[in-house]
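Peer 1: Got a sequence here, can you model it:
(one chain, ligands or ions: 2)
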Amino acid sequence: MIKTQKNGIMPTGVFTPARTTRRVIPGRIAAMVATLLLLASFFGCVSRPAEPKRYERVFLDVFDTVTTVILYDTGERSAGERFDQLHALLLEYHRLYDIYNAYDGLNNLYTVNQNAGKSPVAVDKRILGLIDYAKEMDVLTDGRMNIAMGGVLDLWLQYREAGLNDPGSAALPPMAELEAANAHSKPGSIVVDRAAGTLSITDAQTQIDVGAIGKGYAAQKATEAMEQSGVTSMLLSIGGNVCSIGTRPDGTPWQVGIQDPYSDGNLCVVQVSGRSVVTSGTYERFYTVNGKRYHHIIDPETLLPSTYYDSITVISDDSALADALTTGLFCMPISQGQALVASLDGVEALWVLPDGTQAQSNGFSVYLVP
Ligand code: ADP
Ligand code: MG
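Peer 2: Numbering: from 1, shown residues only. Ligands and ions are numbered 1, 2, ... in the order given. Below is the predicted model of the structure:
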C-alpha cells in the first residue's frame, strides 16, 4: 500500500513527490566548460571547489510510503552513492521494524510478535533501541502513544481494509472485541533485555505495533548516519516525516509545506535547518461507515479514532520524538498537549481542531514562512 505524501518539500516552489528534476548540461556546453577549466588549471587559477548541485531521488519500497530525498552534492556520481547508501540503510530499518512480513535469516518485529508468550528473540540493537525509545515515549505521552496496543490496532486495520474493499458492508469493530484486545495492551508485557540482546513479549496475546514511531525513529537514525558520513545539505521525507541536514547551499533554510487537512494545498509553510517536521492527520488513512469517517489514530481511552483534532504538526530536532508526539498529542485534549509541548525544549506544535481552528505552541511562529 503506497500512501500519498503529506508534508511537501518546497525547494523553490511547490513540491510534487513524483517529480525528479535533474539539470542536464548539454554536451556542447559541458565540453566548453571542460576546456575552460583545463585552460584555467593550466594557468594555475583554479582554486574554487565545484558548486554543489541539487539531486533528487524517490524510493517506493520503504515504510509503505513515498520517500523523497533532496541532496546537494558536487557531482552526480557521489550523489548517487549517497542515495544508494541511504536507501540501503532505510531498507534495513524497514525490514527490522516490519510487523507484517518475515525475511529470511532475520529476526524482526514480526518474529517477535510471532513469539509472544513463548520465548525471547535475539534481535538487532536497532530494534532494542526503537523499543526502549517507544517505552519512554509511552511514559512521556501518559500512555497515549502505546506500541503494546497492537491487538486493538489490528482490529481497526482489519475492519478498515474490509470496509475499503467492500464499502457497502463497512462496519466498526465491535466494542467487546476491542476491549478484549485492550486487556493485552500493557507496555510492561514488552521486555527489552540489553545484556542478552533479546526482546520478548510475556503475554501471548500482546502484539507490538510501531506504526506511530518506527518511521520517525528510522528517519532520524538514517539522517544522523548521512550527516556522519559527510553530507551537509539534505532533506529527507519518508511519507511526510521530514528530516533536514544543514541548509540549502545558499544558506537559506529548507522550506516544508504543511498539508491542509481539508484541501490539496498547504496550511502553511515552515522553514527549518537541521530539524524535523512531522504531521499526522485524520485525512491520511480512513474508511467510512454509515457516512462517518473513521481514521487510523486510536485513542487508548475510548479505543475509537481520536476526535480531538484533524491534524497535528510537530517540529523538533529529533524526528523520532516528533513522530511519537504527533500520535500521542492526537489522543489528548489541547490543554494537556500544550503543557506537554511547553515542557519540552526545542519542540513546537501546530494543532488543527475539528472546527478548522488552529492552535500553536509559543515558539511555533518562529518557523513560519511569512
Ligand atoms: P502516520 O505514520 O500514518 O503518519 P502516525 O505517526 O500518527 O501516522 O501513526 C499512526 C499509526 O500508529 C497507525 O497506523 C497505527 O499503526 C499506530 N497507532 C494508532 N494509534 C496509536 C496509539 N494511540 N498509540 C500507538 N500507536 C498508534
Ligand atoms: Mg506518529
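Peer 1: Tell me how many other residues crowd residue 53.
Peer 2: 16 (other C-beta atoms under 10 Å). Where you see a C-beta, it was placed from the backbone N, CA and C, and this is true even at glycine.
Peer 1: Okay, residue 95 and residue 89: tell me how far apart.
Peer 2: Residue 95 sits 11 Å away from residue 89, going by C-beta to C-beta, to the nearest Å.
Peer 1: so which residue of the stretch 51-200 of the chain comes closest to ligand 2?
Peer 2: residue 145 (7.2 Å; C-beta to the ion).
Peer 1: what's the burial count for that residue?
Peer 2: So residue 145, with other C-beta under 10 Å, has 26 neighbours.
Peer 1: What of residue 315?
Peer 2: 24.
Peer 1: In space, what's closest to it - neighbours in sequence excluded?
Peer 2: residue 348 (4.6 Å; C-beta to C-beta, 6 or more residues apart in numbering).
Peer 1: Contacts only, for that neighbour.
Peer 2: 314-316, 341, 360-364, 366-367 (C-beta atoms under 8 Å, 6 or more residues apart in numbering).
Peer 1: got a markdown table for those residues, with distance to ligand 2 and secondary structure too?
Peer 2: Output for those, formatted as a markdown table (distance: C-beta to the ion, whole Å; DSSP: H, G, I helix; E, B strand; the rest coil):
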| residue | distance to ligand 2 | secondary structure |
| --- | --- | --- |
| 314 | 9 | strand |
| 315 | 14 | strand |
| 316 | 12 | strand |
| 341 | 15 | helix |
| 360 | 19 | strand |
| 361 | 17 | coil |
| 362 | 22 | coil |
| 363 | 21 | coil |
| 364 | 18 | helix |
| 366 | 23 | helix |
| 367 | 19 | helix |
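Peer 1: Which pLDDT value belongs to the closest residue to the residue of the stretch 51-200 of the chain closest to ligand 2 other than its chain neighbours?
Peer 2: Residue nearest to residue 145 in three dimensions, not counting chain neighbours: residue 328, with 3.7 Å by C-beta to C-beta, 6+ apart. Per-residue confidence (pLDDT) for residue 328: 98.
Peer 1: how close does residue 328 sit to residue 210?
Peer 2: 14 Å.
Peer 1: Which one's more surrounded, these two?
Peer 2: residue 328 (27 against 23).
Peer 1: wait, what's in contact with the residue minimising distance to the centre of the chain?
Peer 2: Central residue of the chain (C-alpha atoms, centre = their mean): residue 241, 3.4 Å from the mean position. By C-beta under 8 Å, 6+ apart, the contact list for residue 241 reads 7, 215-216, 219, 276, 278, 319, 322-323.
Peer 1: what sits opposite it in the beta ladder?
Peer 2: On the basis of DSSP bridges, residue 241 is bridged to residue 238.
Peer 1: In contact with residue 132, which residues are there?
Peer 2: residue 192 are the contacts of residue 132 under C-beta under 8 Å, 6+ apart.
Peer 1: confidence score at it?
Peer 2: 98.
Peer 1: quick one: it is in a strand?
Peer 2: No. Counting by DSSP: H, G, I helix; E, B strand; the rest coil, residue 132 is not found in a strand; it is helix.
Peer 1: For it, give its distance to residue 173.
Peer 2: 30 Å.
Peer 1: Now the residue nearest to residue 184 when sequence neighbours are not counted, what are its backbone angles?
Peer 2: Spatial nearest neighbour of residue 184, excluding adjacent residues (C-beta to C-beta, 6+ apart): residue 205 at 4.1 Å. Here is the backbone geometry of residue 205 (degrees, to the nearest 10): phi -100, psi 10.
Peer 1: which residues of the chain fall in helices?
Peer 2: For the chain, the helices defined by DSSP state H occupy 27-42, 76-97, 109-114, 125-140, 150-165, 175-182, 214-228, 319-330, 334-342.
Peer 1: and the shortest one, what other elements does it pack with?
Peer 2: If contacts are counted by 3 or more C-beta pairs under 8 Å, 6 or more residues apart in numbering; DSSP states H and E, helix 109-114 sits against strand 198-201.
Peer 1: redo that, cut-off 10 Å
Peer 2: In terms of contacts (3 or more C-beta pairs under 10 Å, 6 or more residues apart in numbering; DSSP states H and E), helix 109-114 is packed against helix 76-97, strand 121-122, helix 125-140, helix 150-165, strand 198-201.
Peer 1: Show me which residues of that helix are buried.
Peer 2: In terms of neighbour count (16 or more other C-beta atoms under 10 Å), helix 109-114 has its buried residues at 109-113.
Peer 1: Enumerate the beta-bridge partners assigned to the residue lying closest to residue 326 once chain neighbours are set aside.
Peer 2: Nearest residue to residue 326, sequence neighbours excluded (C-beta to C-beta, 6+ apart): residue 280, at 3.9 Å. Per DSSP bridges, the residues bridged to residue 280 are residue 312.
Peer 1: Just list the residues touching residue 280, thanks.
Peer 2: Each residue near residue 280 by C-beta atoms under 10 Å, 6 or more residues apart in numbering is listed here: 6, 212, 240-241, 295-297, 306, 309, 311-314, 322-323, 325-330.
Peer 1: I am finished for the moment; much appreciated.
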